[in-house]
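Just the structure for this:
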Amino acid sequence: MEISVFTVDAFTNLPFKGNPAAVCPLLHELSDDLYQKIATEMNLAETAFITKINPSDNFTTGSRFRLRWFTPTNEVNLCGHATLASAAVLFQSKKNENSVLVFETRSGDLAVTQQGERYIMDFPLNPPAQEVHYVSVYNVYLCSNTKKLMVRLADSCDRSVLTSLKVDPVALQSSERSGRVKGLILTMKPGYDFYSRYFSPWNGIPEDPVTGRPLLTSMPEITTTGSVPTRGAE
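Coordinates of the predicted model:
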């Protein structure tokens, strides 16, 4: 059996920019072990696996699919850019004829709507609880559902404080072993726009290339396609 693999750059309309994700449309489910081996081989922040729910559907006619995301080390409950990339593969490469696609995931149903040259994603709201304050930090929030810790720097900070910040993923992972935190968001809002960086060494992602963008975005760029042969014994 051969599995098609699409490498999609989300949050951009230019090749080799944005946030890359691997997308694998599958004719049937695979074992969790094989999912993980493929994701480890892809070595991107997330590899997304799409499978049909209705056996009579195909990737062109179906409107509901099952979607799972794997990092190089484990499965995760939610990933925005890999969901956007999955919808782009179905809309652009598989010529899906529906205007709305719904993905059944571990975080519930996620809808992606195509409007002209844009996609709109409808994602669940996971409100965080405020934590302690520190010097040069405006707010600290922790979401117990997603296990994301968000640190908002003070608005008075220069952008260079965030962009030049050196984060050691090994030290970060070693400092938190309770399981309460699986991702760290560093962000600031100096004006009408905002900047952010995302670190998740607990999921095998030292730093995500691009994150925190608005849900209304332009079409991703599908940069490469290929296939991964799988062994029958696996």
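
So this structure: which segments form each domain?
Per the record, the chain has its domains at 6-121, 130-221, by the TED database.

among the ones you listed, which is the most enclosed?
domain 6-121 (a mean of 18; mean count of other C-beta atoms under 10 Å). The way it works is simple: take the backbone N, C-alpha and C, and place the C-beta from them, glycine included.

mind checking the end-to-end distance for that domain?
When the termini of domain 6-121 are compared using C-alpha to C-alpha, to the nearest Å, they are 20 Å apart.

doesn't Val8 make contact with Ala88?
Yes. Taking contacts as C-beta atoms under 8 Å, Ala88 lies within contact range of Val8: 5.6 Å.

Checking Gln92 next. Helix, strand or coil?
Reduced to three states with DSSP: H, G, I helix; E, B strand; the rest coil, the structure at Gln92 is helix.

For Val23, see how far away it is.
Here the distance between Gln92 and Val23 works out to 11 Å (C-beta to C-beta, to the nearest Å).

which SS state does Ser174 fall under?
Taking three-state DSSP, the label given to Ser174 is helix.

That one: what's it in contact with?
With contact taken as C-beta atoms under 8 Å, 6 or more residues apart in numbering, Ser174 is in contact with no other residue.

how far away is it from Phe6?
35 Å.

which stretches of this protein aren't confidently modelled?
Segments of the chain classed as low confidence (criterion: pLDDT under 70) are 132-135, 211-234.

Would you map the helices across it?
Remark: helices of the chain, listed N- to C-terminal, are 32-42, 80-88, 159-163, 169-175; assignment by DSSP state H.

Out of these, the one nearest Met188 is which?
For Met188, the closest of those is helix 159-163, at 5.4 Å, according to C-beta to C-beta.

Output the contacting helices and strands for that closest one.
Under the contact criterion of 3 or more C-beta pairs under 8 Å, 6 or more residues apart in numbering; DSSP states H and E, helix 159-163 touches strand 183-188, strand 195-200.

switch to 6 Å and redo it
When contacts are defined as 3 or more C-beta pairs under 6 Å, 6 or more residues apart in numbering; DSSP states H and E, helix 159-163 sits against none of the other helices and strands.

Please shift the residue numbers so they start at 687 in all later answers.
New numbering, starting at 687: the last item is helix 845-849.

who's in contact with it?
Contacts of helix 845-849 with the rest of the structure, by C-beta atoms under 6 Å, 6 or more residues apart in numbering, involve Met874, Tyr881.

hmm, 7 Å instead?
With contacts defined as C-beta atoms under 7 Å, 6 or more residues apart in numbering, helix 845-849 is touched by Leu839, Leu872, Met874, Pro876, Tyr881, Arg883.

show me the contacts for the residue nearest the centre of the chain.
Central residue check for the chain by C-alpha atoms, centre = their mean: the C-alpha nearest the mean position is that of Cys765, 3.1 Å away. For Cys765, the residues meeting the contact criterion (C-beta under 7 Å, 6+ apart) are Glu732, Trp755.

Recalculate using a threshold of 8 Å.
Contacts were defined as C-beta under 8 Å, 6+ apart; by that measure Cys765 touches Ala707, Ala731, Glu732, Ala734, Trp755.
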